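> Here's my sequence, what's the structure:
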Amino acid sequence: MAAEGTPPTATPAQAQAAIEQEAIRRMQAVLVGAMPLMPTLPLVAAGALWSRCGGWQLGAWLLAALLAPGLRYLLVRRYAASVTDHASAVRWANEVTVSALLDGVAWGVAGMLFLVHDSPALQMLLITMVVGTSTGSIFVTSFWPRSEFAFAVPSVGLTALALALQGSEGGVGMGVGLVFFLGILYRIMGQAHGMTMETIRLQFEKIALAESLQQQKELAEQASLAKTHFLAAASHDLRQPLHALGLFVTALQQRAGGSGLEALADRIAGSVGALEGLLNALLDVSRLDAGVLQPQRGPVPLHGLLDRLAAEFAPLAQAKGLAWRCEGPPVVVESDPVLLETMLRNLLSNAVRYTHAGEVALLWYTQDGTTVLQVRDTGVGIAPEHHRAVFREFVQLHNPERDRSKGLGLGLAVVERLGKLLGHALTLNSAPGRGSTFVLALPVRAAAPAQAASSPSEAVPESPADAAGAHILVIDDEAGVRDAMALLLGDWGYQVTLASSASEALARLTHAPHAIVADYRLRDERTGAEAIAQVRGAWGSAIAALIVTGDTAPDRLREASASGHPVLHKPVPAARLRAFLRQATRRPAAAPA
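Numbering: from 1, shown residues only. Model prediction:
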């Protein structure tokens, strides 16, 4: 039975009782190993003395000397059955003490009866056995000192008395020496017992600390899980109206053209975009934690990607009075273009945000098959002791007031995780007042890439006429989202059927739609994937389908990704939705099954 730590709320008396019980348990464990040796010494002593002291007295003594180890053997054997708590452990230890007392008396009697006066060798043998047994038993009895003294006092004391009664100077001197030995033994036993109990106490504290750390770890994991669930639930509920708001704003911008309200519509769109950016940062972290973000590696022409970023961030830097540099040779790297752009976008956003004078630079060069890409600024800088901290979630060293216009502190956390996912080494060189340089190492792609396809944000139909006659089925249990989709898709020239569930969609459809846009989480624990399957079962399996979701919970993200349908996350950018619909409506609607 291994030692167990004391409960954190135990009183001092309870803790001491637990330590004593553990000490007794250890004494029993040592006795188990020592039991075979205990009958040996009486047999050796009797054999050595038999030629001079043989007779009924020596035989009776041998029987008594073997009786004590036999009793101790029985006690050791029944320890497991008789000891259940501290009180029973103490009773058992006291019973062992009684057996030690009987043993000590037996050896003391041997000293009284069998000290052969004319044989110094036999005397020394018997004295050595008495003293040696007392000394050697400290290892066993340091757990329970009473048993040591129960043996040593009668065995050594009676032997010392027998030596003193001889009347010779040598006998008296040896008797006094044995009494002095008892005093030394008492001190040694006290020190050994103190060290033994301290060792047990420290072990208990170590076990209790390990248990406490395990509990704290479990609490931290539960808190992290609760945080993830809270963010998932809150994010989903926020994304629903934000998704509808984004669609309404897009429709407003389209209708505001030439009315003098373009600037107001653009400012509303900017605020909505900022809010979308904050939620998307949370979504990026959740998707990375969920393990559902799978990189699509391929050749990435760095000039095209960085030119797009320069077109976006150069005006932002110049608006703050900062110089902008974007320099490097033509090169094609191996990466995921979307995820790499997300990393660089976050790094550039931080560089512009925390630089108030000087410049922001995007620089790259190629060396030994690796492209080294640097995002450099002359901003406030980061102290070396904080280099690791800035990559943790929600850490913003230069935003103590938690100004939300400066973000959530998730950008660098996303950058680091994406770097690990893509295998791109990320390093930081920075010091306070000297700016920061984030360095990415990207593998160079040897083969020339094929002509890159237009991104979804570029592949947008130029006019509603492109969508004329196309029929879109929208399944969403939020009325505001359905209204916004109807307004926006109607402005784009689509025929729209709205439904809150699969059954409602089947009841309203009169012909096969060209595409289905379905929310993932519907009412009554139904999913958009199930709704798509039912509509396809009724109107044809070739109908293009898109799932949109406001969930950030890892299990929900895995389910949505495993559905086999393309997934967009609310709030869905209008351009990406429009790109999907353009591609989906290029083919004719499916015939009924």
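> Beyond the lowest-mean-pLDDT helix or strand in the chain, next helix or strand please.
Least confident element among the helices and strands of the chain, by mean pLDDT, DSSP states H and E: helix 262-290 (a mean of 69). Tracing the chain C-terminally past helix 262-290 and defining elements by DSSP states H and E, one meets strand 298-301 next.
> What is the burial count for residue 198?
Look at residue 198: counted by other Cβ atoms under 10 Å, it has 11 neighbours. Quick note: C-beta positions are derived from backbone N, CA and C, even for glycine.
> How about residue 295?
Here the number of neighbours of residue 295 (other Cβ under 10 Å) works out to 14.
> And the one 4 residues further on, by the same measure?
A count of nearby residues for residue 299, using other Cβ under 10 Å, gives 16.
> swap in residue 439?
Using other Cβ under 10 Å, residue 439 has 16 other residues around it.
> and the helix or strand that it is a member of, which strands flank it?
Using DSSP H and E, the element containing residue 439 is strand 436-443. Strand pairing for strand 436-443, determined by DSSP bridges: strand 370-377 (antiparallel), strand 425-430 (antiparallel).
> got the buried residues for the shortest one?
By neighbour count, and taking 16 or more other Cβ atoms under 10 Å as the criterion, the buried residues in strand 425-430 are 426, 428-430.
> All the strands of the stretch 301-450 of the chain, in order from the start?
Ranges of strands within the stretch 301-450 of the chain are 323-327, 332-335, 359-367, 370-377, 425-430, 436-443, based on DSSP state E, counting those that start in this stretch.
> again but with the stretch 451-593 of the chain, I slipped
471-475, 495-499, 515-519, 544-549, 567-569.
> what about the closest residue to residue 69 other than its chain neighbours, how many neighbours?
Take residue 69 and drop its neighbours on the chain: the residue closest to it by Cβ to Cβ, 6 or more residues apart in numbering is residue 38, 3.8 Å away. Neighbour count for residue 38, taken as other Cβ under 10 Å: 19.
> Confirm for me that residue 38 is in contact with residue 71.
No. Look at residue 38 against residue 71 with Cβ atoms under 8 Å: they stay out of range, at 10.6 Å.
> Strands of the stretch 1-150 of the chain, start to end?
Assigned by DSSP E, counting those that start in this stretch, the strands in the stretch 1-150 of the chain number zero.
> Show residues contacting stretch 418-427.
Residues outside stretch 418-427 that contact it (Cβ atoms under 8 Å, 6 or more residues apart in numbering): 288, 293, 295, 297, 335-336, 339-340, 342-343, 415-416, 438-442.
> If you could redo that for stretch 262-275, that was the one I meant.
With contact meaning Cβ under 8 Å, 6+ apart, stretch 262-275 is reached by 242, 245-246, 249-250, 252-253, 256, 405, 571.
> where does the stretch 301-450 of the chain dip in pLDDT?
When residues are selected by pLDDT under 70, those of the stretch 301-450 of the chain lie in 387, 391-411, 446-450.
> could you redo the last one with a cut-off of 90?
Confidence mapping of the stretch 301-450 of the chain against pLDDT under 90 gives the ranges 303-316, 336-343, 345-346, 349-351, 353-355, 367-369, 379-422, 428, 430-435, 445-450.
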